[in-house]
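Asks: what follows is a predicted structure for the sequence shown.
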Amino acid sequence: MQLLDGKTLAKKIEENVSNEAKELKNRTGRVPGLAVILVGHDPASQAYVGMKKKACDRAGFYSVTHEMPEDISQSAIINTIEMMNNNPNIDGILIQLPLPAHIDTTKILEVVSPSKDVDGFHPYNVGRLATGLDGFVPCTPLGVMKLLAEYNIDPKGKNAVIVGASNIVGKPMAALLLNANATVTITHIHTRDLSAHTREADILLVGAGVINLIKEEMVREDAVVIDIGINRAPDGRLVGDVDFDAVAPKTSYITPVPGGVGPMTIAMLLANTLTAAQNHAKEERQ
Ligand code: NAD
């Protein structure tokens, strides 16, 4: 069993991003800029936004967070996004999810300019991913693909089984693996006999948000296991969706939580924001 070390790879990617950002600034004067919209006071969302801001600082990016009260109107959020769409200092716009129940998330995500959609959630970028075209790809599944590539794990021809089918994790993960020629199965809360599927996985990717969902008997010998879940255990520790101690000895590779997919997500956000800045710099010169 070998650990897939997302922390070390994320650091390497961040260093490259930071160097490329310096090069862009020297060449064009442009500093990559990220705007984050945070609605309400959810502690997990606040922690994620704080981590993203710190990562921007490390990479030498400009970043701004628009904090809005829980009861803000949909039109006020839309106005702020439109302001950011028109602000030349902003290359990427990130809406921290989940939004409060009275807000139509789909509508909000559609307002973000596709050229600033560094989370890859706009239907334009979702469609490009589904058809195998270039565009912004959601950070978490993109980070998983980079991690697999770093360890020379080629999904081509493999059975890839995904647990969780959300728009931000499971579905884009499936599209990326399909584009990489894996045979892809997506499972979710309504799947009958989950382990019948997971046991067939050469690569098992789990993002359900359920502690210890994946147990030892649900995993094939020598499988690659990617744990995307981030949960707070009753004792306060951060844990994934996989019963790590029991499952790990059976695997060929497995991600730890923390230190696996989480840091890769942040590194991909920086990489996507840099790409947006490079694209905007090119457009300016034309
Ligand atoms: P979500 O609640 O939107 O989706 C969860 C998915 O899992 C759904 O499709 C649901 O049907 C499925 N599911 C839930 N319980 C299940 C069960 N018992 N059996 C089979 N399928 C089940 O969540 P999300 O936003 O996709 O996040 C999923 C997990 O990934 C969470 O733990 C979240 O914290 C984590 N996450 C991690 C990162 C990262 O950077 N590592 C990024 C985003 C989300």
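Replies: Perfect, thanks for sending it.
Asks: pLDDT weak spots in the protein?
Replies: Within the chain, not a single segment meets pLDDT under 70.
Asks: gap between Lys146 and Ala267?
Replies: Relative to Ala267, Lys146 is positioned 8 Å away (CB to CB, to the nearest Å). Every residue, glycine included, has its C-beta placed from N, CA and C.
Asks: looking at these two, which is more packed in?
Replies: For Lys146 and Ala267, the more surrounded residue by other CB atoms under 10 Å is Ala267, and the numbers stand at 26 against 17.
Asks: what helix or strand is the residue nearest the centre of the chain on?
Replies: For the chain, the residue nearest the mean C-alpha position is Thr140 (2.1 Å; CA atoms, centre = their mean). Element membership of Thr140, judged by DSSP states H and E, is helix 139-150.
Asks: just Lys107 next, same as before
Replies: helix 105-111.
Asks: for Ala276, list the residues it contacts.
Replies: Residues counted as contacts of Ala276 (CB atoms under 8 Å, 6 or more residues apart in numbering) are Pro32, Asp91, Gly92, Ser115, Lys116, Val118, Phe136.
Asks: generate a PyMOL selection restricted to the buried entries among those residues.
Replies: Here is the PyMOL command that selects the buried residues among the contacts of Ala276 (16 or more other CB atoms under 10 Å):
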select buried, resi 32+91+92+115+116+118+136
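Asks: save the contacts of Ala276 as CSV, and put in secondary structure and distance to Asn26 too.
Replies: As requested, the contacts of Ala276 are exported to CSV (DSSP: H, G, I helix; E, B strand; the rest coil; distance: CB to CB, whole Å):
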residue, secondary structure, distance to Asn26
Pro32, coil, 13
Asp91, coil, 17
Gly92, strand, 21
Ser115, helix, 23
Lys116, helix, 23
Val118, coil, 22
Phe136, coil, 25
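Asks: reformat the contacts of Ala276 as JSON lines; add distance to the ligand.
Replies: Shown next, in JSON lines, are the contacts of Ala276 (distance: CB to the nearest ligand atom, whole Å):
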{"residue": "Pro32", "distance to the ligand": "20"}
{"residue": "Asp91", "distance to the ligand": "21"}
{"residue": "Gly92", "distance to the ligand": "17"}
{"residue": "Ser115", "distance to the ligand": "23"}
{"residue": "Lys116", "distance to the ligand": "20"}
{"residue": "Val118", "distance to the ligand": "14"}
{"residue": "Phe136", "distance to the ligand": "16"}
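Asks: check which residues of the helix holding Lys107 are buried.
Replies: For helix 105-111, by 16+ other CB under 10 Å, it's Ile108, Leu109, Glu110, Val111.
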